[in-house]
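*Asks:* predicted model and sequence below, questions to follow.
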Amino acid sequence: MPVSFSDLGVNTALQQSLAALNIIQPTAIQQKAIPLILNESKDLVALAQTGSGKTLAFGLPVLQHIDPKNEAVQAVILAPTRELGQQIHTNLLSFAAHSPEISIASICGGIPIKPQIERLKTTTHLIVATPGRLVDLINRKAIDLSKVVTLVLDEADEMVTALKTDLDSILAEIPKNRRTLLFTATMPGTIKQLVQNYMSKHIVHVEAEMETVGHQGIDHQFVVVEPIEKLEVLLYFLSSKEGERGIIFCKTKAAVNKLAKNLAINKFSSGALHGSLSQPIRDRIMGQFREGHIDILVATDLAARGLDVKEISYVVNYHLPDTYETYVHRSGRTARAGAKGLAVTVLQQEEVFEIPEFEEELGISFSEMRKPDAQSTEENNTLLWARKIFKTKPNRTIPAEFKEKINTVFHHLTKEELIDKILAHHLAQTAIAPKEEAKPTKKKR
């Protein structure tokens, strides 16, 4: 018989909110974590796949433990990025829709701090924060954490760098007898050290469906390319996924910008996301992607955190991740909520030996995707060229007399004849181009 949220001890008001959200059956991590958080007082370390419902797993019991009559801040949830913080805040508000007496505030970085200071002057029971902004508010004496009883570290494996500098400052303001709940998708050595340094000796460990590192439903593939082929192979793949939404991960901000520019030139519906963009631009791009106005997000790893979109059908590792944990987070963006997904990694020949290592460490298997042959690539490039022409806006500044002269040249051709001639001209130019480009290459050698 399926387990219900009532069976887990979730109160009626929260159950009403879940029903309104059409959340009926708890996931594995929710079944394991919720009763422990509700009924025990020990610190908790929860290991669960990306997209498994961790926010609900800690959110429901944290909300249920709030005492609305106590006006102090009673719980703090830390997230590595503003985007993830906003996502958690939005989720908590929806979970507490039938508990209006509970006051929840988002105090994340990237937006003006003064409205947050004003917000904290009113009753606030629970805050969702990024570490840096919370430290800033502590330094300004704008927040009182002396009554906090629960601290949640969400996506802790992505927060280690920030925590190294900020966690000491935050913990100095929180009572030592607090309860700490740590949720993570991976357990690298840095997280184990964090647990040892900052959590109680009496810890409850739970994990759910980690035997395949959360990759159920994901088809893992790799394609081997020469450096000069990399962009063309990617464009061929993206053309085959037209109308579907996906994320392309790059290692650096510069690589994100360069690839996003190439996608824009080729008229793909895409946007770039990395930490150097202003917060309003990041919010706009994230919003466009969530709402389906753009199909492709080109992003660095941290910038894409907090992106919970069910309809992401594929993920592309344009650069091989440096760590197994990063691969888990990247591929976990797809196949959410039980859907199927595809994770494609673009490799150079000297990187292929790393695939068996990823397979062994993560308990997954890769299949090799054959790169397109020369003819298929040429055909795709021609289709991209045609798309550029189709999406080119007319130049309204061209004089009418000159346009008439051009029209006179073509006026006797049918549409089909004109397309035939333009296509033949394009193919002739592209056939000549490689020979012309070969000369400078020889000189360099």
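*Replies:* It's in.
*Asks:* please enumerate the strands of the stretch 151-300 of the chain.
*Replies:* 179-184, 203-208, 218-224, 245-249, 270-273, 296-299 (DSSP state E, counting those that start in this stretch).
*Asks:* can I get the ones you listed in a markdown table including distance to Glu155 and mean neighbour count?
*Replies:* Where you see a C-beta, it was placed from the backbone N, CA and C, and this is true even at glycine. What follows is the strands of the stretch 151-300 of the chain, written out as a markdown table (distance: least, C-beta to C-beta, whole Å; neighbours: other C-beta atoms under 10 Å):
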| stretch | distance to Glu155 | mean neighbour count |
| --- | --- | --- |
| strand 179-184 | 7 | 24 |
| strand 203-208 | 15 | 16 |
| strand 218-224 | 19 | 19 |
| strand 245-249 | 16 | 24 |
| strand 270-273 | 17 | 23 |
| strand 296-299 | 15 | 27 |
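*Asks:* now those strands as JSON lines including mean pLDDT and distance to Ser99?
*Replies:* Converted to JSON lines, the strands of the stretch 151-300 of the chain look like this (pLDDT from 0 to 100; distance: least, C-beta to C-beta, whole Å):
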{"stretch": "strand 179-184", "mean pLDDT": "92", "distance to Ser99": "20"}
{"stretch": "strand 203-208", "mean pLDDT": "88", "distance to Ser99": "25"}
{"stretch": "strand 218-224", "mean pLDDT": "93", "distance to Ser99": "36"}
{"stretch": "strand 245-249", "mean pLDDT": "93", "distance to Ser99": "33"}
{"stretch": "strand 270-273", "mean pLDDT": "91", "distance to Ser99": "34"}
{"stretch": "strand 296-299", "mean pLDDT": "93", "distance to Ser99": "34"}
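*Asks:* got those strands as JSON lines, with distance to Pro61 columns?
*Replies:* As requested, the strands of the stretch 151-300 of the chain are exported to JSON lines (distance: least, C-beta to C-beta, whole Å):
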{"stretch": "strand 179-184", "distance to Pro61": "9"}
{"stretch": "strand 203-208", "distance to Pro61": "13"}
{"stretch": "strand 218-224", "distance to Pro61": "29"}
{"stretch": "strand 245-249", "distance to Pro61": "31"}
{"stretch": "strand 270-273", "distance to Pro61": "32"}
{"stretch": "strand 296-299", "distance to Pro61": "32"}
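*Asks:* between these, which gets nearest to Val135?
*Replies:* Nearest to Val135 among the strands of the stretch 151-300 of the chain is strand 179-184; the distance by C-beta to C-beta comes to 17.5 Å.
*Asks:* just name whatever secondary elements the closest one is in contact with.
*Replies:* Secondary-structure packing of strand 179-184 (3 or more C-beta pairs under 8 Å, 6 or more residues apart in numbering; DSSP states H and E): strand 43-48, helix 54-65, strand 150-154, helix 189-198.
*Asks:* can I get these in CSV with mean pLDDT and mean neighbour count?
*Replies:* Formatted as CSV, those follow (pLDDT from 0 to 100; neighbours: other C-beta atoms under 10 Å):
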stretch, mean pLDDT, mean neighbour count
strand 43-48, 90, 23
helix 54-65, 95, 24
strand 150-154, 94, 24
helix 189-198, 80, 15
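*Asks:* and the ones you listed as a markdown table, adding distance to Leu302?
*Replies:* What follows is the helices and strands packed on strand 179-184, written out as a markdown table (distance: least, C-beta to C-beta, whole Å):
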| stretch | distance to Leu302 |
| --- | --- |
| strand 43-48 | 20 |
| helix 54-65 | 17 |
| strand 150-154 | 14 |
| helix 189-198 | 15 |
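*Asks:* which among these is found nearest to Leu21?
*Replies:* helix 54-65 (9.6 Å).
*Asks:* and the next helix or strand past that closest one?
*Replies:* strand 75-78 (DSSP states H and E).
*Asks:* can I get the CA coordinates of that next one in CSV?
*Replies:* The C-alpha trace of strand 75-78 is given here as CSV (Å, rounded to 0.1, in the frame of the first residue of the first chain):
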residue,chain,number,x,y,z
ALA,A,75,14.8,28.3,11.2
VAL,A,76,17.5,29.2,8.6
ILE,A,77,17.8,27.5,5.2
LEU,A,78,21.1,28.2,3.4
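*Asks:* looking at the strands of the stretch 151-300 of the chain, spot the one closest to Ser4.
*Replies:* strand 203-208 (17.3 Å).
*Asks:* quick one: list the elements packing against the closest one.
*Replies:* By 3+ C-beta pairs under 8 Å, 6+ apart, strand 203-208 packs against helix 28-39, strand 43-48.
*Asks:* of the strands of the stretch 151-300 of the chain, which approaches Asp67 most closely?
*Replies:* Of all those, strand 179-184 sits nearest to Asp67, with 14.5 Å by C-beta to C-beta.
*Asks:* elements contacting the helix or strand Glu379 falls within?
*Replies:* Taking DSSP H and E as the definition, Glu379 sits inside helix 374-391. For helix 374-391, the packing partners by 3+ C-beta pairs under 8 Å, 6+ apart come out as helix 230-240, helix 415-444.
*Asks:* domain assignment for the protein?
*Replies:* 12-208, 218-374, 394-444 (automatic domain parsing).
*Asks:* weakest of the ones you listed by average pLDDT?
*Replies:* Lowest mean pLDDT within the domains of the chain: domain 394-444, a mean of 75.
*Asks:* how far does the helix holding Glu379 sit from its chain's centre?
*Replies:* 30 Å (C-alpha atoms, centre = their mean, to the nearest Å).
*Asks:* ok, now how distant is the nearest residue to His202 once chain neighbours are set aside from Leu36?
*Replies:* Of all residues not flanking His202 in the chain, Lys42 sits nearest, at 5.2 Å (C-beta to C-beta, 6 or more residues apart in numbering). Per C-beta to C-beta, to the nearest Å, Lys42 is found 8 Å from Leu36.
*Asks:* more neighbours: the two, which one.
*Replies:* Comparing Lys42 with Leu36 by other C-beta atoms under 10 Å, the one with more neighbours is Leu36, at 18 against 15.
*Asks:* in contact with that one, which residues?
*Replies:* Lys42, Leu44, Val204, Val206 (C-beta atoms under 8 Å, 6 or more residues apart in numbering).
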